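K.L.:
with the input below, show me the fold.
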Amino acid sequence: MSETVYVGLGGNLQDPERHLQNAFDDLASLPHTRLLAHSSLYGSAPVGYTNQPDFINAVAMISTELEPEPLLDALLAIELRHGRRRDFPNSPRTLDLDILLYGERILATERLTVPHPRMGERAFVLLPLQELSPQLMIPGVGLVSDKAAQCHDQRVSVLKP
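P.N.:
Next up is the predicted model:
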């Protein structure tokens, strides 16, 4: 059975706009998966480790028959093909792909937590998600549009509609 999944995309190295645009194609080519829509590209300041370039972010909405962990494996493989390295937490990266929401499931495994932790506090996730589905409910967190309104003090801007 197919599930609607929201995937967060981000990057700040080696032409991140190109990496994100190519990642939309990569998501569309996953087995048993369709790319339903994607948000505009957004620029945002880094979080955590701040001594790095600003990020480009987006959210993709896909329909997939892949279960959460195989989908995670596929996303990690896409990151690797884009040259992703994990030098330290919050380090600069070519491409980061995160499962934000997987249907209405709430998951907590050794490898995966859904809804994605802290997504309800980050404008660079909430604004693109709101663009796609303003009335979307984040399980255990609240309505996307309400959470996005609470992040008005974070510097995020639309780059490309």
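K.L.:
where does this structure dip in pLDDT?
P.N.:
Low-confidence segments of the chain, defined by pLDDT under 70: 160-161.
K.L.:
all helices of it, in order?
P.N.:
For the chain, the helices defined by DSSP state H occupy 16-28, 68-81, 123-132, 144-149.
K.L.:
so where do the strands sit in the chain?
P.N.:
Here the chain has its strands, by DSSP state E, at 3-11, 33-38, 41-44, 55-64, 96-102, 107-108, 113-114, 137-138, 142-143, 156-160.
K.L.:
in TSV, list those along with distance to residue 18.
P.N.:
C-betas here are computed from N, CA, C, even on glycine. Shown next, in TSV, are the strands of the chain (distance: least, CB to CB, whole Å):
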stretch	distance to residue 18
strand 3-11	9
strand 33-38	15
strand 41-44	11
strand 55-64	10
strand 96-102	15
strand 107-108	31
strand 113-114	28
strand 137-138	30
strand 142-143	33
strand 156-160	12
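K.L.:
now distance to residue 80 and mean neighbour count too, for the ones you listed, in TSV please.
P.N.:
Below are the strands of the chain laid out as TSV (distance: least, CB to CB, whole Å; neighbours: other CB atoms under 10 Å):
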stretch	distance to residue 80	mean neighbour count
strand 3-11	13	23
strand 33-38	18	17
strand 41-44	22	20
strand 55-64	18	23
strand 96-102	11	22
strand 107-108	23	10
strand 113-114	21	18
strand 137-138	28	17
strand 142-143	34	13
strand 156-160	25	14
